[in-house]
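*Asks:* what follows is a predicted protein model with its sequence.
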Amino acid sequence: MNRTYYLVLFLLGMGLTQVSVAKLNIFACEPEWASLAKTLGGDQVTITAATTAHQDPHRIEPRPSLIAKVRRADLLVCSGAELEVGWLPMLQRQAGNRKVLPGQVGYFEAAEQVERLGIPKQVDRSMGDIHASGNPHVHLDPNRLLTIASALSERLKTLDPSNAAHYRSRFDDFTSRWRQALKRWQRIAKPLKGARVVVHHQDWDYLFDWLQIVKAGSLEPKPGLPTSAGHLVKLRQALIQEPAGAIVYTHYQSPKAANRLSQLTGIAALELPYTVGGGEGVTDLFSLYDETLKRLLKVIP
Ligand SMILES: [Zn+2]
């Protein structure tokens, strides 16, 4: 009798444990946020990333498998500032999960947590596929990234208060490691200060702002528009007047235009990882910055 009683208590206890270990289900729009959420959430979260480093996060196919993942999510972690405007609202509509709609606690926009660069004074269609809410590629400034990490950690605590201490200690650990790395990055990146670099798209504005690299031109004649032969000729003329140290493009962009301009000018074309998974050994945000600086310093010593 007693034994049965204890067995019942034991089984009930198991049931309760099962409930309390239910993990937060996080849907990250881009690999950088999947990585940050994993670092801050540890074993209390499960993460799905909507895109990989091989995909252009401005435009992906809103596949049914992604809708199902948004439906199950407790939290969406995205860049925001309209980076995902071409696909995320559609996923949110189709998923019918009220918890993760804009304005809800289950929807987190990284760009909203920080001051954004490049907010246009006015927007019209002649300006191209412009980011009207400012530049959304915020993960490439390590200082802004720390602000975002702090806000995301708070959000995890709000959604899962029973594990608040766990999230706090993971954030503290991340912060101290990040601050250490930041000192190292700032030291080794000194030769990049004032360097002139041509970009494919405005993905690098925050990185350049941090490192004081000068944007010497863009392969896109207007944001989001493909380059043209005429535009390359203009760029070449400008670069003859005032040369640059590199032409950078991301892992997800075609190297064609960068290589063409490189042939025309003799300036090195350089692929940078852009996000986690965008190069060999780029497995987290730390190695993303390490590898980015290493590659830039190789061509701009
Ligand atoms: Zn963009």
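*Replies:* Sure thing, it's come through.
*Asks:* low-confidence regions, this structure specifically.
*Replies:* When residues are selected by pLDDT under 70, those of the chain lie in 1-21, 123, 125, 127-130.
*Asks:* mind redoing it with 50?
*Replies:* Along the chain, segments meeting pLDDT under 50 span 1, 11, 15-20.
*Asks:* who's in contact with the residue minimising distance to the centre of it?
*Replies:* When Cα atoms, centre = their mean is applied to the chain, the residue found nearest the centroid is E32 (4.0 Å). Residues in contact with E32 (Cβ atoms under 8 Å, 6 or more residues apart in numbering) are 139, 275-276, 285, 288. Where C-beta positions appear, they are placed from N, C-alpha and C, glycine not excepted.
*Asks:* list the contacts of the helix or strand containing D173.
*Replies:* According to DSSP states H and E, D173 maps onto helix 164-188. Contact with helix 164-188 is made by 39-42, 44, 142-143, 145-146, 149-150, 153, 156-157, 160, 286, 289-290, 293, 297, as judged by Cβ under 8 Å, 6+ apart.
*Asks:* and if we set it to 10 Å?
*Replies:* 24, 36, 38-45, 142-143, 145-146, 149-150, 152-161, 163, 210-211, 285-286, 289-290, 292-294, 297 (Cβ atoms under 10 Å, 6 or more residues apart in numbering).
*Asks:* can you give me the helices for the stretch 51-200 of the chain?
*Replies:* 64-72, 88-95, 142-159, 164-188 (DSSP state H, counting those that start in this stretch).
*Asks:* quick one on the thing from earlier: show me which positions of the helix holding D173 end up buried.
*Replies:* 166-167, 170-171, 174, 178, 182, 185 (16 or more other Cβ atoms under 10 Å).
*Asks:* backbone torsions only: list them for the residue nearest to the centre of the chain.
*Replies:* phi -60, psi -40 (degrees, to the nearest 10).
*Asks:* do you know how far it is from G278?
*Replies:* Here E32 is placed at a distance of 10 Å from G278 (Cβ to Cβ, to the nearest Å).
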